[in-house]
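here is the input, now give the coordinates:
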Amino acid sequence: MPAIEFQGQCFQLDDNENLLDGLLKQKASVPFSCRAGVCHSCLLQVTEGKPPADSQQFLTEKQTAKGFMLACQAHVIEDITVRLPLRDEVPGIITGLTQLSPTEIRLTMSTRLPFSISKGDQVYLVNHEGFEGHYPVADVSDDLLIIECLIERKAGGDPFSAWVHSDAQTGLRLMLIKQN
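Okay, here's the model as predicted:
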């Protein structure tokens, strides 16, 4: 039985058990959706060992070169260490709206996946109505799952900031995209 190290814990898989099923059965927190290799929600990155070939068949050459694999497709036969990869684009949910002044709101967003972003980077935010805006990141949690931006209400033509100040609510979804 191969040993899988993930999020600081060691997991054992049963014979013929795919990685996703084995981790979930043992209560590991692994994102997933389709279980067919299409959505890429269960994308993991191998940091020690070699990804099984079957786990990379639906990935690009760039992804395989970085050691990415799909947990739902992986039948691991040797010990490996895996982690959630940092992503440049993730879905998020509004978890806080704090009015700092009549023209400034702290927008707090939570992501389900680690986001490759740092304080001071530019993030492109898109809401469910298609309103979008670019903002500097004011703060990021150590686990890269909580991102904060200060959104200043701008007169004359910034629909996203107007939406944040008038209609945004906790629980609404956004897409966060790192700007290079």
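
check what contacts stretch 30-42 and list those residues.
6, 20, 23-24, 44, 57-58, 70-73, 84, 112-113 (C-beta atoms under 8 Å, 6 or more residues apart in numbering). For the C-beta atoms, the positions are set from N, CA and C on the backbone; glycine is no exception.

out of these, which is most surrounded?
Each of the contacts of stretch 30-42 was scored by neighbours using other C-beta atoms under 10 Å; the highest score is residue 70's, at 29 neighbours.

quickly list what that one is bridged to.
residue 43 (DSSP bridges).

of the contacts of stretch 30-42, closest to residue 98?
Nearest to residue 98 among the contacts of stretch 30-42: residue 112, at 22.0 Å, using C-beta to C-beta.

now do residue 157, the pLDDT please.
Note for residue 157: predicted pLDDT of 68.

grab the nearest non-local neighbour of the residue nearest the centre of the chain.
Among the residues of the chain, the one closest to the centroid is residue 113, at 2.3 Å (C-alpha atoms, centre = their mean). In this structure, residue 113 finds its nearest non-sequential neighbour in residue 90, 4.9 Å apart by C-beta to C-beta, 6 or more residues apart in numbering.

any idea what the one you found is bridged to?
residue 176.

so where does the residue nearest to the centre of the chain fall, helix or strand?
When elements are assigned from DSSP states H and E, residue 113 belongs to no helix and no strand.

I'd say it and residue 83 touch.
No. Checked against C-beta atoms under 8 Å, the pair residue 113 and residue 83 is beyond contact range at 11.5 Å.

report the beta-bridge partner residues of the residue nearest to residue 177 when sequence neighbours are not counted.
Distance criterion C-beta to C-beta, 6+ apart; nearest residue to residue 177, sequence neighbours excluded, is residue 124 at 4.2 Å. Taking DSSP bridges as the rule, residue 124 bridges to residue 134, residue 177.

from residue 19, how far off is residue 124?
Residue 124 sits 32 Å away from residue 19, going by C-beta to C-beta, to the nearest Å.

who has more neighbours out of these two?
residue 19 (29 against 15).

in terms of residue numbering, what are the domains of the protein?
3-83, 89-179 (automatic domain parsing).
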